[in-house]
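[1] build me a model:
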Amino acid sequence: MPVRVALLSMAHVHAPSYAHCLAGNSGAELSVIWDDDAARGSAAASTYGCEFAPDLSRALEKCDAVVIASENLRHGDLIEQAATSGKPILCEKPVAASAEEVNRIREVVNSTGVKFATAFPCPFSPNFARLKARLDAGEIGDLLAAQTTNRGTFPGGWFAQPELSGGGATIDHVVHVADLLRRLIGANPERVVTKGNNHMKGGIVEDCAMVLLEYPNNVFATLDASWSRPSSYKTWGDVTLTLTGTAGVLETSLFGQAIDLYVNGIGHGLSGYGSNLDAAMVQNFVDYVTGKAEPLSTLEDGLAASSVALAALQSLRAAEPVTA
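    Take a look at the predicted model:
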């Protein structure tokens, strides 16, 4: 029997990808969509051929597991209700967008013992796996520094409303690379310094953020986590890593496997040929639910990355370094 999965909210820009991956997974069934925006949820349910449940308890009754793709600061409530119902959870990042939510989410997941995975697709990248293997094999000697990016276009909507998002580009984009660096370096940063502004869009949240992360053993990393790509840019963004060691340099682009595509009347775009990382992540979650695998990204992975993003945002707002 396929795992019946409820998609809780279509608010996040990644929600349609998750719905598509679930619909195409032979071991899963997108059984129901819940959304506090009934028009948005019912339209999505019609698109993907599943039930729309305006009542959350109804959605939880109709599923074996959930994928949470709501606004950031609604994660905690949805996690609590799903966990209390005993439903395994795959939660969009950042898992927690406030310091209070970090503790609350950890407590509710641990107390219920529910299975929990964080929606980090990047660790499933073959490019990242190869980069890590070469670093671990000592090909570039001892790691000294990393230059990284996770730039993107401005997503608009609730992402620019701090009461729903928790912040701007810092909250949205730091978590992915913070998680990858933790896997590469084997530690969390000890000190975080962020500079940024909102000059690109002129909103109330930062749209540009440059982050300095200082790790043990004098390793440091820089991260451009800005919404700096114009709306007409050929792709939504990028995740790149350049690692400098005592004996060489390693470079990778996690979403660089694409052909430039030019279409009359549409403009410049990309046609990707690389691995579908969301599909790999959804498969890992389905295997986790059925006891066939462990999650590649756990609750603690998600909360660790959230804590780095929150430290970066704190540094930006306080205009001073923060101990992570």
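[2] how about stretch 64-80 as PDB, C-alpha atoms only?
    Extracted C-alpha coordinates of stretch 64-80, given in PDB (Å, rounded to 0.1, in the frame of the first residue of the first chain):
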ATOM      1  CA  ASP A  64      -0.200   8.400   7.000                       C
ATOM      2  CA  ALA A  65       2.300  11.200   6.900                       C
ATOM      3  CA  VAL A  66       2.500  15.000   6.200                       C
ATOM      4  CA  VAL A  67       4.600  17.400   4.300                       C
ATOM      5  CA  ILE A  68       4.500  20.900   5.800                       C
ATOM      6  CA  ALA A  69       5.000  23.800   3.300                       C
ATOM      7  CA  SER A  70       3.400  26.700   5.100                       C
ATOM      8  CA  GLU A  71       4.700  30.100   6.000                       C
ATOM      9  CA  ASN A  72       7.700  29.800   8.200                       C
ATOM     10  CA  LEU A  73       6.200  31.000  11.500                       C
ATOM     11  CA  ARG A  74       3.200  28.600  11.100                       C
ATOM     12  CA  HIS A  75       5.500  25.600  11.100                       C
ATOM     13  CA  GLY A  76       5.300  25.200  14.900                       C
ATOM     14  CA  ASP A  77       1.500  24.900  15.100                       C
ATOM     15  CA  LEU A  78       1.300  22.500  12.200                       C
ATOM     16  CA  ILE A  79       4.200  20.400  13.600                       C
ATOM     17  CA  GLU A  80       2.500  20.200  17.000                       C
END
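[3] show me what counts as buried in that stretch.
    Neighbour counts over stretch 64-80 (16 or more other C-beta atoms under 10 Å) mark 64-76, 78-80 as buried. Any C-beta I mention is one placed from the backbone N, CA and C, and that applies to glycine too.
[4] got it, and stretch 239-254?
    Of the residues in stretch 239-254, those buried (16+ other C-beta under 10 Å) are 239, 240, 241, 242, 243, 244, 245, 250, 252, 253, 254.
[5] want to throw those residues into a markdown table with distance to residue 298?
    Output for these, formatted as a markdown table (distance: C-beta to C-beta, whole Å):
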| residue | distance to residue 298 |
| --- | --- |
| 239 | 20 |
| 240 | 25 |
| 241 | 21 |
| 242 | 27 |
| 243 | 24 |
| 244 | 29 |
| 245 | 28 |
| 250 | 26 |
| 252 | 23 |
| 253 | 26 |
| 254 | 20 |
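[6] dump those to JSON lines, plus secondary structure.
    Converted to JSON lines, the buried residues of stretch 239-254 look like this (DSSP: H, G, I helix; E, B strand; the rest coil):
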{"residue": "239", "secondary structure": "coil"}
{"residue": "240", "secondary structure": "strand"}
{"residue": "241", "secondary structure": "strand"}
{"residue": "242", "secondary structure": "strand"}
{"residue": "243", "secondary structure": "strand"}
{"residue": "244", "secondary structure": "strand"}
{"residue": "245", "secondary structure": "strand"}
{"residue": "250", "secondary structure": "strand"}
{"residue": "252", "secondary structure": "strand"}
{"residue": "253", "secondary structure": "strand"}
{"residue": "254", "secondary structure": "coil"}
